[in-house]
Each structure stands twice: as structure tokens, then as C-alpha cells.
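*Asks:* Predicted model and sequence follow; I will ask about them next.
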Amino acid sequence: MTSRVYVALRVKAMPERAFAAFVEEIGDWWRPSPLFQTTPRAGRLSFEPGEGGRLIETREGGKVFEIGKISVWEPPAKLVFSWRQANFPPDLHTEVEVGFEAVGAETRVSIEHRGFDQVPAGAARHGFPDEVLMMRLADYWRNQLAAVGETLA
């Protein structure tokens, strides 16, 4: 099984603005998905900026779920963070790398999500064979990038 997906989209903003929208406005543009839920009931996502900061989901009532920790913080070019869904085993994390590359007056925002080969069969895979799971994961991230693009349009 390939253990990664890669998707990219050009957005109408320079890398500084695209990076800021991705990390500072994630709670506004993020689109929850029933397939790749971080928690059973969607909350609001936010980043604690900087290396060692966290990606968290705050649910109604104030309960916080840590999705992951930032391992690379290089504004406006790159962001890498661990990713954990609530239905993952407690010690399992995958990794998400987000790149921001200037292309003329636009920015190519790319996402590589890797490590799904570690995810055991069962709830976290929704019963999908490997190839279908990776296609669904790619669709999920394309949808997220489209939402960033709409925010920046």
C-alpha cells in the first residue's frame, strides 16, 4: 500500500497570506468530514503557532482534543504537523506536510499526508481497501484546499 497522498491547488494570494489563512483562519474554512473525523462531534480547529505548537479541536462546552503537534514551522513556506483521529489507537499519529510556493501572483498550496500504512484495519479505515482509502483521503484534502482557496478568493 502507498502510505501517502499528495494534493495541490493554486490560490489567489502570495505565500505569506496563504500561510496565514491556513493556520490563523482554519476554524473558519475547515470542512468536517464523516470519514476522517478528528472527534465524533465536530468542533472548531485552531493552531497554536510555532514549532511544538498544537493543532487542536475545541468542542462545544470547551473540551479540547489534540489532533497533533507542529514539528516544522517555516512561515511562509512550510508547515508539518502530526495528525491523529479520535478513532486511531492512542499512540498512532500520521503526518501532514503543507507547502506554500509562489507561482507568479498565486501560491501553490500542497498537502502530503503520510503514514496511513500504520493505521490498523477497523474503524479508522472504514472497511475500505487500501486504494479506496487513499482515494478518499485525497478527496478529503482536495476539499480542504478548495475551502482555503475560497477563503482567499
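*Replies:* Perfect, I can see it now.
*Asks:* show me what contacts residue 51?
*Replies:* By CB atoms under 8 Å, 6 or more residues apart in numbering, the residues touching residue 51 are 70-73. Every residue, glycine included, has its C-beta placed from N, CA and C.
*Asks:* distance of it from residue 24?
*Replies:* Between residue 51 and residue 24 the computed distance is 16 Å (CB to CB, to the nearest Å).
*Asks:* same thing with residue 82?
*Replies:* Relative to residue 24, residue 82 is positioned 20 Å away (criterion: CB to CB).
*Asks:* And residue 102, by the same measure?
*Replies:* Per CB to CB, residue 102 is found 19 Å from residue 24.
*Asks:* Look at the two and report which has more neighbours.
*Replies:* Higher neighbour count among residue 102 and residue 24: residue 102, with 15 against 12, using other CB atoms under 10 Å.
*Asks:* Now that one: closest residue in space that isn't a chain neighbour?
*Replies:* Computed as CB to CB, 6 or more residues apart in numbering, the closest residue to residue 102 that is not its neighbour in sequence is residue 15, at 5.3 Å.
*Asks:* Isn't the one you found up against residue 103?
*Replies:* No - taking CB atoms under 8 Å as the definition, residue 15 is not a contact partner of residue 103, at 9.6 Å.
*Asks:* Tell me which of these two has more neighbours.
*Replies:* Legend: neighbour count by other CB under 10 Å for residue 15 and residue 103, higher for residue 15 (21 against 10).
*Asks:* Tell me the secondary structure at residue 13.
*Replies:* Counting by DSSP: H, G, I helix; E, B strand; the rest coil, the backbone at residue 13 sits in coil.
*Asks:* Numbering from 2 from now on, please.
*Replies:* With 2 as the first residue, the last one maps to residue 14.
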